[in-house]
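Participant: Sequence and predicted structure below; questions after.
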Amino acid sequence: MIPFLKDTAKQLLESGRDLKDLVIVLPNRRAGLFFTRYLGELIAEPVWMPEVRTIEQVFYGLAGNTPADELTLIFELYELYRQVQEEPEDFDRFYVWGELILKDFNDLDQFLAPAKTVYQNLAEIKEFESDLSFLTEDQKALISQFWLAFARQNEVEKEKFLRFWQILGRLYGDFQHRLKTVGLAYSGQLYRQVAENLKQIPSPEKHYVFVGFNAFTLAEEKLIKHFVKEFDAEVFWDVDAFYLEDTLQEAGLFFRDYQKDAVLGKTFPEEIPDEIRQKSARIQTYSIPLKTNQSNLVGKLLEELGPDERLEETVIILPDEQLLFPVLHTLPPQIEKLNVTMGYPIRNAPIYAFLDAVLDLQRFVKVKNDVTSFYHKPVTDLLSFPYLKAADPAHVSAVLEKIRENNLLEVPQAMLIRPQTIFELVFRKVNPEDIFDYLGTLIRHLAQEFKDDEIQRSYLFQAFKQLNRIQEVFKANRSGSLRMDFVLKLFRQIFRELKLPFEGEPLQGLQLMGVLESRNLDFRRVIVCDVNEGSFPPGGGINSMIPFNLRRAFRLPVQEQNDAIYAYTFYRLLHRAEEVHLIYTTSSDQGKAGEMSRFIQQMQAELGIAAPQVAMVPVDLTPAEEITIQKTPEVMDALRAYVKTSDPTAFLKSFSASAINMYLDCRLRFYFRYLAGLKEKEEGVTGIDPSTFGTILHSAVENLYKVAEGRTARAIDNHEIERLKPQIPAAVDAAIRAFYNRNEDDEALELSGQLEIARAIFIKYLGAILDYDQKNGDFEVIGTEEDYPSGIWVETADGRVEVALGGVIDRLDRKDGVVRLIDYKTGKDTKKVKSVASLFDRDDTGRNKAAMQTMLYAYFYQTKHPGNRLPLKPGIFNIKEIYNPKFNPFLQLDGVEINDYRELAEEFEGGLSGLLSEIFDPKQPFDQTEKVEKCTYCAYKEICGR
């Protein structure tokens, strides 16, 4: 295999020209590096090397200027915009528009389009689109049925909209003058300047050779044609007959036009190489299920490299940078040298996420009475970063625990900081104008902490360099204050495009590169990943304010040209390759279709390449072993902690209704939670999940119905309920304050949107509860949210012992000589019970857990009041069913309402005692449930491997 650049170097050597008199112009610097290397391999003695330049360097050299920083240019553009636009937007909002406008200006100049005419046409199109006066009233009414925005149009907004499009032409002209005045320029402006003044270019002292180009801008085309025609410059094309001669092949789109050109046509070789058609047997395609699995396949392919093969003759093309690290991790051990020619997006680095979280922290700072506090979400996010966790793990854990336990929405600064540490640097209020110094201080501190970690220091250095650049531009151009929202938006916008460069020897080792970095380079073995439609070629269109029809009419680039560039980049990899591997994935990823690229489909139809091989990554799935915990002496000792002793001061644990239901669901889960002490992960609650909703609702009802201290009961009649109804909002607010640990002395309760909606629902539900109670007659409340300790005698291996039980009963009341035990539920719990025995039947898929809980409450009450002779009536108050006219909260056994628990007490207590006897049975281990569906939401399923 002779690479194109090496073949070109050979031809130049054989031409007889003195190398020092040549200027070699290439599309990019990397191609120039390889060209110089190949030239060095071909010469036998020391000579003066030719001057190697990129096309950009040629233009900038002829223009005598280089482009300014984009942010600086947008500032300059904004100053003009403010002068020509009535009621201009703030810079914060203009920034995104400024990027688009600047990009369009660049395209207009690169392709020498008449900007004034383009924008005049654009303004007229927009005016026509918004002028609907020609429609009849009936037509307007018909359109407005389908287009809601149509009906909302008003003359003021329409005029403002049109005025923006009308100023773009003027903005373009004023921008050119302003930049010339201050000595700044953008790339397209310099290109147009050179292209419009070609006759003023003096005859160069050296001979120009243009190598390896595909798609010129119009400015580049004019310059190169001028050099060919006037200065006898040469052009070397890297082209193949396969796509050049076929008019349907998009890869040859530009070459076919150049071949017909009177000037450029003469530079094409008489015989066009025809290599690709011979490659069908050497091209292999692979279909693989998941995107990350591609790295495994790449590793397997590289294992086939022979010991004598030169690594630099193999390239891995990665259209998606996210595959870089997975591929690096799967390289076989014999790959000792490699060169990465693609930047790794810094947005994927931890420092980006950290700085983003720091900026987010500053958006939600509160200062009240000289006390600074931060919103909990960015605080908990920041405390999860290794930068902070490594600094003081104990402090981080303690703060997170306090936030969780107290459900803190705002975290006081005093709780967070530690003097002379990174915590003091991070958790402080910063004014927007000081934000860059704030971030810079943090980066410098981290750089010192990670002085021995080269990768982290590289991330930090690139972030610091970019931050300084932004700061310098702001200081030079910005007057007035900044908004934190805008700083965060700008940070994300600029850092999104920043890539971390890799250091290495570019001419040695296995080559890893992006798609466009491969231009002009040839390799013996080519491995291309992610050859999926939407990835290679990439999907999406041209991001522009100039519509498609205008762009096409004025020869500005459209998506068709972009596709042609990527098609050529793809096919030229095949020119001289001896072995090609193309990998695509079948699963959709981030909105991209899981189908092969059109390039593969084209080759199947036109080259007859073999159908894709289905590559399955070998995965050894070791089935999870069953976990069984035997009741060792240590486990039995843990169980005995739930047995009452003669010492009333002894520490005592008790089983709740939740514990008993958990044991019936899964013995092992019961063991993890109540004996091993593995608590389920708890987090600070900010949203309104079902558990939070239920807790606040219970608390609000208690606020309304609670019995005054020193009293045993509280009478509730029609008059009392009417008095309570206006108190519902205050009861709800008090419950919310209690849940989030907010005192009444604090500032007015500020609710998030979600909590505001929940508050309205709480008020509605409490109103419905009062309405139900009012409709059903007078009663006496004898307890709300009361803790009822209890116990039951159980036969165990240690003899007959009393096992401690307990629970909190939501509401106890007395009506018509019946004690009612009410459990409030926010779910869809049923009141139907098949039988008492079914409550203890773990194999019964319809086992009523809520009924078990309410029956236990009745048992607890009777145990505490053994002299009670009143009927005990258990009930479940389903809040969601309360609006049903037939709503009945009381349990029904086999279709008959349970009027007195005591009639079922013997059977229930026998079942309960027998169940607890099983728990204390040393021969019954704690094993996993056989019903795997119960594991779906189990907190311990990862331990079990389910």
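Facilitator: Happy to help now that I have it. Numbers count the residues shown, from 1 in each chain.
Participant: residue ranges with poor pLDDT in the protein?
Facilitator: 128-161, 478-482, 502-505, 589-593, 616-624, 648-651, 680-688, 743-753 (pLDDT under 70).
Participant: Scan it for its longest helix.
Facilitator: Looking across the chain with DSSP state H, the single longest helix is helix 155-182.
Participant: for that helix, packing partners?
Facilitator: Under the contact definition 3 or more Cβ pairs under 8 Å, 6 or more residues apart in numbering; DSSP states H and E, helix 155-182 sits against helix 70-84, helix 91-110, helix 115-130. For every residue, glycine as well, the C-beta is placed using N, CA and C.
Participant: rerun at 10 Å
Facilitator: Under the contact criterion of 3 or more Cβ pairs under 10 Å, 6 or more residues apart in numbering; DSSP states H and E, helix 155-182 touches helix 70-84, helix 91-110, helix 115-130, helix 187-195.
Participant: Kindly compare burial across the ones you listed and name the winner.
Facilitator: helix 187-195 (a mean of 23; mean count of other Cβ atoms under 10 Å).
Participant: between it and helix 91-110, what angle do the directions make?
Facilitator: 30 degrees (axes from the mean of the first three to the mean of the last three Cα atoms, to 10 degrees).
Participant: Quickly run through the sheet partners of the helix or strand that helix 187-195 is followed by, with directions.
Facilitator: Using DSSP states H and E, the helix or strand that follows helix 187-195 in sequence is strand 207-211. Using DSSP bridges, strand 207-211 pairs in its sheet with strand 22-26 (parallel), strand 234-236 (parallel).
Participant: any chance of the ones you listed in a markdown table, plus mean neighbour count and distance to Met603?
Facilitator: Output for the strands paired with strand 207-211, formatted as a markdown table (neighbours: other Cβ atoms under 10 Å; distance: least, Cβ to Cβ, whole Å):
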| stretch | mean neighbour count | distance to Met603 |
| --- | --- | --- |
| strand 22-26 | 23 | 28 |
| strand 234-236 | 20 | 26 |
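Participant: Ala394 is nearest to which of those strands?
Facilitator: Shortest distance between Ala394 and those, using Cβ to Cβ, is found for strand 22-26: 57.8 Å.
Participant: Would you pull up how far that closest one lies from the middle of the chain?
Facilitator: 44 Å (Cα atoms, centre = their mean, to the nearest Å).
Participant: For Asp927, which of the strands paired with strand 207-211 is the nearest?
Facilitator: strand 22-26 (70.5 Å).
Participant: So which of the helices and strands packed on helix 155-182 is nearest Phe464?
Facilitator: helix 70-84 (16.7 Å).
Participant: Now do that closest one against helix 187-195, angle only.
Facilitator: 90 degrees.
Participant: Counting by contacts, list what helix 70-84 packs against.
Facilitator: Where contact means 3+ Cβ pairs under 10 Å, 6+ apart, helix 70-84 is packed against helix 91-110, helix 155-182, helix 454-477, helix 484-496.
Participant: hang on, the earlier thing: go through the longest helix of the chain and flag the buried ones.
Facilitator: For helix 155-182, a neighbour-count test (16 or more other Cβ atoms under 10 Å) marks 162, 164-169, 171-172, 174-176, 179 as buried.
Participant: cool, stretch 828-835 as well?
Facilitator: For stretch 828-835, a neighbour-count test (16+ other Cβ under 10 Å) marks 829, 831, 833-834 as buried.
Participant: Pull up the distance across that stretch, start to finish.
Facilitator: End-to-end distance for stretch 828-835, by Cα to Cα, to the nearest Å: 20 Å.
Participant: could I get the strands paired with strand 207-211 as a markdown table with distance to Ile443?
Facilitator: Converted to a markdown table, the strands paired with strand 207-211 look like this (distance: least, Cβ to Cβ, whole Å):
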| stretch | distance to Ile443 |
| --- | --- |
| strand 22-26 | 36 |
| strand 234-236 | 46 |
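Participant: looking at those strands, which is closest to Tyr857?
Facilitator: strand 22-26 (83.3 Å).
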